[in-house]
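>>> next come a sequence and a model predicted from it.
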Amino acid sequence: MTIPWTPDDDDARQLLDERIETYDLDPAGMTLWERIIGWLNDALAINIDPTGTGSVIVQVLLIIAVGVLAFALFRYFRPSVSPAGTRQEAQLADPSVPAEDYLRAAHRLFNADQFDQAYLQAYRFIVRSASDRELVEVTPATTATTFGWSLGAVLPAYREGLTEASTEFNRISYGGNIPTREATETVLQLATTIATAHPHPGGNINDPSRLMPR
């Protein structure tokens, strides 16, 4: 009676691997997705000695990958900022800059056809002018929306124009929008007019922005 040959575990594993390799597809006939899966399988099948240099390299690569992922998440979830933005855009207007400087800059930029920056400077002139005249309270946390509501309550005749200007200011600052020449002319005229407009006799008692969080 002949006893069949039974290989040990290592021989059996090697024979099985050789048998499986005979069923591998020809790379020329593989799709791109199949090739990617194959590369991933090869990469994950690498046996690295934990005490060797390969382990250190893998750890460094993992740290770099985590850093890149964290940076990408930070850039994705942080508030959008216009590429042309500056430190001044962290608040509506710099209190150390005179209102007239903003208006002069707005006209200069308008003549240079830089309508987005001209619009921003004109709006900042409105903010600084209103703050200097103590028509509304402007703090570093005041947003354009809140400012528009506040000044619109004090100057109800200009409420609609201020609302539109505040909305456009946000679109330019955070969305990179470029206003038209006509829109920039309108906000420049609004800025000049509001600078000498008389406040509502009731002050800001009925200011709806008092109910808005700051």
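Yep, that arrived.

>>> and A130, what does it touch?
The contact partners of A130, by C-beta atoms under 8 Å, 6 or more residues apart in numbering, come to 136, 138, 147, 151, 154, 194. Yep, even glycine has a C-beta here, placed from its N, CA and C like the rest.

>>> of the residues you listed, closest to I126?
I194 (5.8 Å; C-beta to C-beta).

>>> and the pLDDT for the closest one?
With respect to pLDDT, I194 scores 92.

>>> that one contacts F125, doesn't it?
No. Using C-beta atoms under 8 Å, I194 is not in contact with F125; the gap is 9.1 Å.

>>> of the two, which one has the most company?
Under the criterion of other C-beta atoms under 10 Å, the comparison of I194 against F125 puts F125 first, with 29 against 21.

>>> could you list the buried residues of the helix or strand that contains the more buried one?
Applying DSSP states H and E as the criterion places F125 in helix 115-132. By neighbour count on 16 or more other C-beta atoms under 10 Å, the buried set for helix 115-132 is 115-131.

>>> what sits closest to S131 if chain neighbours are left out?
Spatially, and ignoring its direct neighbours in sequence, S131 is nearest to V138 (4.3 Å; C-beta to C-beta, 6 or more residues apart in numbering).

>>> dihedrals phi and psi, that neighbour?
Main-chain torsions, V138, degrees, to the nearest 10: phi -120, psi 120.
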